[in-house]
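>>> Structure for this input, please:
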Amino acid sequence: MADKRVLFICEHNSARSQMAEAFLKHLGGKTVTVESAGFEPATLNPLAVEVMREVGIDISGNKSQCVFELFKQGNLYTHVITVCEQAAMKCPVFPGLTQRLHWPFPDPAGFEGAWEQKIAQTRRVRDEIRNKVSQWLNELKESA
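Okay, here's the model as predicted:
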């Protein structure tokens, strides 16, 4: 499973892709190199920052990146994973042998209601992302 380079992409790189990147770094350790980016980078979503802090992962210092900047730099990835519908439609083809995957998750930026309601919904998304990343890592190990 060594030498895996993974890029998570979503529209703003403010929540879902940031959480996926953090979980893959946390669970994959040194077996993977991982980044995340968006088409229209925005500031980090405070809901994502809070729910990740709850599981002991601090993403508060992360910065959003632009997917096209990474593309222009000629970065190579073994896996490009889109985590929203918009990213799946807009995703550029990266050079090299890249496997594209699509894992859509609800966008915390669109959650409505009081803070506690939004946090509860974001926790569900966080847990879905953690489970998907963990499952994928296990699949990679089994196929190695």
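>>> Now E112. Nearest residue, chain neighbours left out?
Closest residue to E112 apart from its sequence neighbours, by CB to CB, 6 or more residues apart in numbering: K118 at 7.5 Å. All C-beta atoms are positioned from the backbone trio N, CA, C, and that covers glycine.
>>> quick one: which helix or strand includes the one you found?
helix 115-143 (DSSP states H and E).
>>> Need phi/psi at G38.
phi -140, psi 170 (degrees, to the nearest 10).
>>> tell me the contacts of it?
Contact analysis of G38 by CB atoms under 8 Å, 6 or more residues apart in numbering lists I9, C10, E11, H12, N13, S14, S17, S64, Q65, C66, V67, A87.
>>> can you give me the helices in this structure?
Secondary structure of the chain (DSSP state H): helices at 16-28, 46-54, 67-72, 85-90, 115-143.
>>> so who does G29 touch?
Applying CB under 8 Å, 6+ apart, no residues qualify as near G29.
>>> coming back round to it: out of the helices of the chain, which one sits most buried?
helix 16-28 (a mean of 24; mean count of other CB atoms under 10 Å).
>>> helices and strands around that one, which ones?
strand 4-10, strand 32-38, helix 46-54, helix 115-143 (3 or more CB pairs under 8 Å, 6 or more residues apart in numbering; DSSP states H and E).
>>> can you rerun that using 10 Å?
Here helix 16-28 touches strand 4-10, strand 32-38, helix 46-54, strand 79-82, helix 115-143, going by 3 or more CB pairs under 10 Å, 6 or more residues apart in numbering; DSSP states H and E.
>>> Which helix or strand in this structure has the lowest average pLDDT?
helix 85-90 (a mean of 62; mean pLDDT, DSSP states H and E).
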